[in-house]
Each structure stands twice: as structure tokens, then as C-alpha cells.
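Trainee: all I have is the shape, not the residue letters:
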């Protein structure tokens, strides 16, 4: 009985995560402000990570934990680089030219 409830809960979590990703992609496409698009692209990471966790639970394996860390790291670095570029006009600064 509990296995069946857990199975349906995991399936519902996977579908909910993918629906959230679709709504965030729609939000990202329809907004005109670049800052709204950055926030939406950063928010896509959370349901994507949740979907990977639920898929890992569905297959009863821990082999997807490195994928979760890679997704989080890539999204964080992408957000930082994009905001630095929008703020300064460049990503890296040349500190030697004073």
C-alpha cells in the first residue's frame, strides 16, 4: 500500500516539476525585460533539480547526485556571469591596467 502511494507521489512530483519548467519557459519568452528573463532562467534550475531527484527516487539509485550538483553549479555561474555583464559591460576585468 505504501509503495503504491510513494510511486504515485513520485510520478506526480515529476509531472509537477516539468509543468513548472514549461510555465517558467513561457514566462521567460513572454517578458521583455532582460532582468525578468534572468530571474526566470535562474528559477528553472529548482524544478529541474527536483525532477532529477524524483527520477532518481523512481529508479532507486544515487547515481544522479553528480548531475544535480552540475546543474546547480552551471545555473549559478550563468546567473553571476550574466548579471556582471549587464552591470559592467564586461565579465572579466583587467586589474593590471591601473
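Mentor: Looks like it arrived, so ask away. Small disclaimer: the values here were computed from a predicted structure and weren't measured.
Trainee: for this structure, what spans make up the helices?
Mentor: With helices called from DSSP state H, the chain shows them at 2-30, 34-43, 45-59, 65-88.
Trainee: where does pLDDT dip in the protein?
Mentor: 94-98 (pLDDT under 70).
Trainee: let's see it at 50
Mentor: Filtered on pLDDT under 50, the chain yields no residues whatsoever.
Trainee: circling back to that earlier point, want to throw the helices of the chain into CSV with mean neighbour count?
Mentor: From N, CA and C alone the C-beta is placed, and that goes for glycine too. Formatted as CSV, those follow (neighbours: other Cβ atoms under 10 Å):
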stretch, mean neighbour count
helix 2-30, 13
helix 34-43, 15
helix 45-59, 17
helix 65-88, 13
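Trainee: ok, the nearest residue to residue 58 once chain neighbours are set aside - contacts?
Mentor: The spatial neighbour of residue 58 that comes closest, neighbours along the chain excluded (Cβ to Cβ, 6 or more residues apart in numbering), is residue 10 at 5.1 Å. The contact partners of residue 10, taken as Cβ atoms under 8 Å, 6 or more residues apart in numbering, are 54, 57-58.
Trainee: same question for residue 37.
Mentor: Residues counted as contacts of residue 37 (Cβ under 8 Å, 6+ apart) are 28, 31.
Trainee: for it, give its distance to residue 60.
Mentor: 37 Å (Cβ to Cβ, to the nearest Å).
Trainee: same question, residue 52
Mentor: Distance check for residue 52 against residue 60: by Cβ to Cβ, it reads 14 Å.
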